[in-house]
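A.B. asks: With the sequence up front, the predicted model follows.
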Amino acid sequence: MAEIIWTKLALRDAEDIHDYIAKDSELYGKKTVEKFFQRVKLLIEIPNAGRIVPEFNKVHIRELIEGNYRIIYINQKNVISIVRIHHAARRITKATKLK
């Protein structure tokens, strides 16, 4: 079983996403963020469930898709670090902070 760690950046991303959606609907803002946390639970049992992030093409940098969002994580010896939550319409560059 893998251990899940949420980085400060990922938690800030979740908060920012919530705040943006909550401008129109507090309920949907909350539900969206809850879906992120539920989706990530899959990684406890299946640490490599997501695909390799194509922009980085490194086997340990992976992502899960949840709705319009990419949950980017790093798998290092069954310690899963959730590093970013990125809207799929936004571009990811190698300059994107991952930790």
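C.D. replies: Okay, I see it.
A.B. asks: Check which residues of stretch 57-73 are buried.
C.D. replies: Of the residues in stretch 57-73, those scored as buried under the neighbour-count criterion (16 or more other Cβ atoms under 10 Å) are 61-64, 66, 69-73. All C-beta atoms are positioned from the backbone trio N, CA, C, and that covers glycine.
A.B. asks: Can you lay out those residues as a markdown table showing distance to residue 16, pLDDT and secondary structure?
C.D. replies: Conversion of the buried residues of stretch 57-73 to a markdown table gives the following (distance: Cβ to Cβ, whole Å; pLDDT from 0 to 100; DSSP: H, G, I helix; E, B strand; the rest coil):
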| residue | distance to residue 16 | pLDDT | secondary structure |
| --- | --- | --- | --- |
| 61 | 21 | 96 | strand |
| 62 | 22 | 96 | strand |
| 63 | 18 | 97 | strand |
| 64 | 18 | 97 | strand |
| 66 | 15 | 97 | strand |
| 69 | 12 | 97 | strand |
| 70 | 15 | 97 | strand |
| 71 | 14 | 98 | strand |
| 72 | 15 | 97 | strand |
| 73 | 18 | 97 | strand |
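A.B. asks: Out of the residues you listed, which two sit at the greatest distance?
C.D. replies: 61 and 66 (17.2 Å; Cβ to Cβ).
A.B. asks: Secondary structure class of the residue of the chain most remote from its centre, three-state.
C.D. replies: When distances are taken from the C-alpha mean of the chain, residue 24 lies farthest, 22.6 Å away, according to Cα atoms, centre = their mean. With DSSP: H, G, I helix; E, B strand; the rest coil as the basis, residue 24 sits in coil.
A.B. asks: so where is this structure shaky, pLDDT-wise?
C.D. replies: Low-confidence segments of the chain, defined by pLDDT under 70, are located at 93-99.
A.B. asks: again, 90 this time
C.D. replies: 1, 77-78, 88-99 (pLDDT under 90).
A.B. asks: Helices of that one, residue ranges please.
C.D. replies: Listed in chain order, the helices found in the chain under DSSP state H are 8-22, 26-40, 42-45.
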